[in-house]
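Novice: just coords:
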């Protein structure tokens with residue numbers, strides 16, 4: 001970042017006391033042209049000029065050029081400190097002055113013969129002055145400077161070469177040999193280097209002979225010169241990792257990051273590169289050890305368990321170092337491991353418990369959240385584990401009085417996530433949350449606790465746990481000082497209380513709010529009581545009518561209106577107007593309303609029937625997915641670019657844990673697009689679409705093809721939407737069509753809508769319609785072989801015209817196949833009690849398959865979730881690393897409206913994963929399709 005941009009963004013920089021711009025300009029012209037030159041005065045003027053520039057002041061080109069010519073006269077003076085400021089100023093004026101190239105010869109002369117004090121400044125200035133047409137004249141100078149024995153001069157040349165890459169890459173490429181020689185050489189500071197500065201005085205005996213920073217800069221330049229040649233990069237890494245040629249810790253860290261990038265692109269190289277990373281786990285520098293650990297943690301799916309334990313051992317050692325930053329980085333990495341494999345870090349529990357009382361509260365908070373995750377790995381099943389939990393909770397209780405509310409909220413989220421991921425571990429954790437709720441705290445803290453308890457009520461399967469939390473919330477609202485929280489809790493009591501074993505307990509607490517609270521809380525209490533009357537009925541309903549009738553004379557009109565309306569609905573037995581089992585999809589409703597308002601006329605009324613209704617189970621699925629996604633994202637290290645790279649590679653592998661609200665909105669967009677195609681007008685309502693396009697070609701292909709499957713179940717139609725992108729800059733594609741051949745005879749092609757013309761960098765669509773088999777048919781699944789056919793014509797000018805005499809040439813070649821899988825007919829659905837829901841499903845089918853393309857249980861679980869598009873329940877998506885068997889519980893619904901449950905028993909044997917699927921479904925024959933379609 002340049003100095004100017006830094007100053008513009010610096011919130012603490014002060015512009016007060018800045019010298020007058022024109023006064024400085026005029027004085028510069030006067031002093032720089034004076035004879036003789038006053039060195040001290042000129043230095044002061046240059047410092048003022050630089051200060052103006054660094055604070056964002058800009059000089060017009062004419063003034064910059066005038067200043068430049070005046071400053072260039074100072075080259076006649078030999079003062080070293082003045083020459084340094086001259087170069088700093090020329091470098092800043094280089095972007096606005098017109099005749100800056102005139103000073104090139106003077107700069108080159110200083111590089112060849114100048115003093116070591118300002119030679120680095122001259123090199124950096126030369127790189128700014130030269131352009132693509134003149135850089136060739138300085139090639140030899142830069143080569144000599146790169147191999148200079150002075151590390152400061154060498155570093156300046158390396159950084160300048162790096163900055164010249166965008167404009168003169170071909171010239172910089174010729175510096176490769178010199179750069180490689182520099183990175184393997186030993187350069188020392190001159191003996192009088194520090195004595196040249198008054199700051200050090202005579203205390204130069206203990207200063208280092210070299211910093212090796214030139215190695216870091218040389219490695220960065222070499223990577224940019226070789227990053228397109230994998231073999232050359234591998235050779236460079238191998239050469240530098242052998243022996244001890246790299247002395248600088250930053251250069252070793254950079255080397256580790258380059259290894260990480262290579263392994264992300266080609267995981268098969270792990271056998272060659274792991275020994276290098278493993279060796280760096282025992283480096284003398286903490287920074288290097290941490291970087292090696294971080295890289296190996298990101299690649300843990302490629303290494304064995306015994307190799308992974310060496311990472312844990314290194315981090316365990318780093319937890320005990322006195323440096324706070326190192327301890328924080330180490331425990332942050334341990335916390336990241338605990339997100340997916342908490343059983344692997346149980347060995348560091350003793351060190352983690354010792355860090356709970358660390359003076360740095362960030363470290364103590366991470367220690368607690370990590371210990372909470374290790375408890376979920378099974379350490380609390382035994383009696384000793386229970387004692388560990390009690391000890392941890394007692395420590396957390398004592399710590400809560402000392403830490404700020406921000407850290408308290410982090411701990412609360414960790415407790416909630418643990419209880420959600422491992423429902424069997426919730427009892428002691430819920431007790432801790434309810435105790436914390438009774439303590440004093442701000443609205444933000446109380447809200448986070450209430451949010452956590454709300455989620456546990458919704459997603460914990462045990463009714464006793466829900467009842468315990470509801471009772472604690474009833475006690476909390478007795479003394480709650482926050483109206484917002486009282487309203488939310490009353491709303492929840494109205495939803496959950498009627499379904500408990502003792503609804504009268506909650507009615508009493510709600511009625512107390514009608515007597516003691518303000519009008520806003522009383523209004524909410526009225527609606528909550530009405531829900532009890534609507535759901536419970538009988539004597540409960542009669543008693544509530546009596547209670548509500550007393551509110552008809554309330555002083556607040558809102559309370560009176562709600563009471564009158566609720567009594568009217570109760571007396572007329574309009575239960576659905578009080579308690580609704582479904583709600584509109586708000587994202588789709590917003591999209592439809594926006595589209596309706598953007599229309600030019602309002603001739604037709606808004607059709608609310610176009611907005612899908614979501615059942616309570618579907619709403620819970622959306623909320624559950626949001627919580628699980630939040631859990632996974634909170635544990636991910638968002639600052640790591642390699643995670644983003646890795647995520648982009650797997651963006652096609654969507655699973656049931658995606659955000660269903662966005663999926664429903666995307667489905668509405670697809671339905672809107674298809675409704676505008678006249679050929680699909682009679683197909684009826686779109687039942688389901690695959691929401692992420694599947695690539696049938698490489699993304700770097702000349703013609704990129706993706707496909708989306710659209711199912712119309714009512715009319716038994718399948719529409720394949722092929723989106724085609726022309727990446728050829730000088731080619732016009734015409735008459736583009738796709739030939740899709742199914743291997744299932746029950747799929748019959750109706751018609752194809754080809755693409756007439758596709759210009760460069762444009763995307764067009766080809767539609768193919770098929771009649772599909774019904775659910776009563778034996779074979780519902782299919783695979784389509786795809787072949788594309790088009791005419792390629794060359795564009796002859798910049799306007800996109802083609803030669804009319806040139807008919808072009810026809811191209812036809814095959815692309816990847818497309819499969820219709822069971823997941824295409826399924827959507828994830830949440831259920832708090834999987835076993836009960838699974839046993840109630842009537843149709844049963846089982847099969848035994850070998851999961852292809854995976855060699856671990858964790859990968860098998862991911863593959864099954866992706867292919868079946870179902871929601872894992874009871875925390876069954878978590879696979880301990882030290883087991884050879886696992887049970888996966890998946891639940892969802894099909895496009896015909898029936899529920900589907902899949903119980904999968906996985907076993908790892910002989911390097912293969914074998915799965916026994918037991919499928920239960922409400923829809924007849926569909927369980928067979930699911931059992932046969934998983935692989």
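Specialist: Now that the structure is in, tell me what you want to look at. On a predicted model such as this, the values are computed, not experimentally measured, just so you know.
Novice: Not counting sequence-adjacent ones, nearest residue to residue 441?
Specialist: residue 405 (6.8 Å; C-beta to C-beta, 6 or more residues apart in numbering). Yep, even glycine has a C-beta here, placed from its N, CA and C like the rest.
Novice: pLDDT at the one you found, what is it?
Specialist: You'll see residue 405 listed with a pLDDT of 83.
Novice: from memory residue 693 sits against residue 705, does it?
Specialist: No: the pair residue 693 and residue 705 does not pass the contact test of C-beta atoms under 8 Å, sitting 9.5 Å apart.
Novice: These two: which is more packed in?
Specialist: Between residue 693 and residue 705, residue 705 has the larger neighbour count (other C-beta atoms under 10 Å), namely 21 against 15.
Novice: quick one, what contacts that one?
Specialist: Applying C-beta atoms under 8 Å, 6 or more residues apart in numbering, we find residue 705 in contact with 695, 696, 697, 722, 723, 724, 725, 738, 786, 788, 815.
Novice: before we move on, back to that, pull up the overlap in contacts between residue 693 and residue 705.
Specialist: Common contacts of residue 693 and residue 705 (C-beta under 8 Å, 6+ apart): residue 723.
Novice: re the thing from before, narrow the contacts of residue 705 to those in strands?
Specialist: By the criterion of DSSP state E, membership of the contacts of residue 705 in strands covers 695, 722, 723, 724, 725, 738, 786, 788, 815.
Novice: need those in CSV with neighbour count, distance to residue 899 and pLDDT, can you?
Specialist: Below are those laid out as CSV (neighbours: other C-beta atoms under 10 Å; distance: C-beta to C-beta, whole Å; pLDDT from 0 to 100):
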residue, neighbour count, distance to residue 899, pLDDT
695, 16, 32, 91
722, 27, 33, 94
723, 15, 33, 93
724, 22, 38, 93
725, 18, 39, 92
738, 23, 36, 93
786, 20, 34, 93
788, 21, 40, 92
815, 19, 36, 92
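Novice: now for those residues, which pair is the farthest apart?
Specialist: Farthest pair in those (C-beta to C-beta) is 725 and 786. Separation: 15.7 Å.
Novice: Now the strand or helix carrying residue 42: average pLDDT?
Specialist: Using DSSP states H and E, residue 42 sits within helix 39-54. Averaging pLDDT along helix 39-54 gives 89.
Novice: Which neighbouring elements make contact with that helix?
Specialist: Packing partners of helix 39-54 (3 or more C-beta pairs under 8 Å, 6 or more residues apart in numbering; DSSP states H and E): helix 3-9, helix 21-32, helix 80-93.
Novice: how about the ones you listed, which one is nearest residue 763?
Specialist: helix 3-9 (36.3 Å).
Novice: So what touches the host helix or strand of residue 505?
Specialist: In the assignment (DSSP H and E), residue 505 maps to helix 503-516. Around helix 503-516, the neighbours that count as contacts under C-beta under 8 Å, 6+ apart are 470-471, 474, 477-478, 486, 490, 493-494, 497, 500, 521-522, 524-526, 528-529, 532, 536, 540, 543-544, 547, 550-551.
Novice: what residue ranges in this protein are flagged as low confidence?
Specialist: Within the chain, the stretches with pLDDT under 70 are 1-16, 97-99, 192-208, 375-390, 421-422, 424-425, 600, 628-663.
Novice: Summarise which helices and strands the lengthiest helix in it is packed against.
Specialist: For the chain, the longest helix by residue count, based on DSSP state H, is helix 151-173. If you count contacts as 3+ C-beta pairs under 8 Å, 6+ apart, helix 151-173 packs onto helix 119-129, helix 139-146, helix 176-183, helix 213-226.
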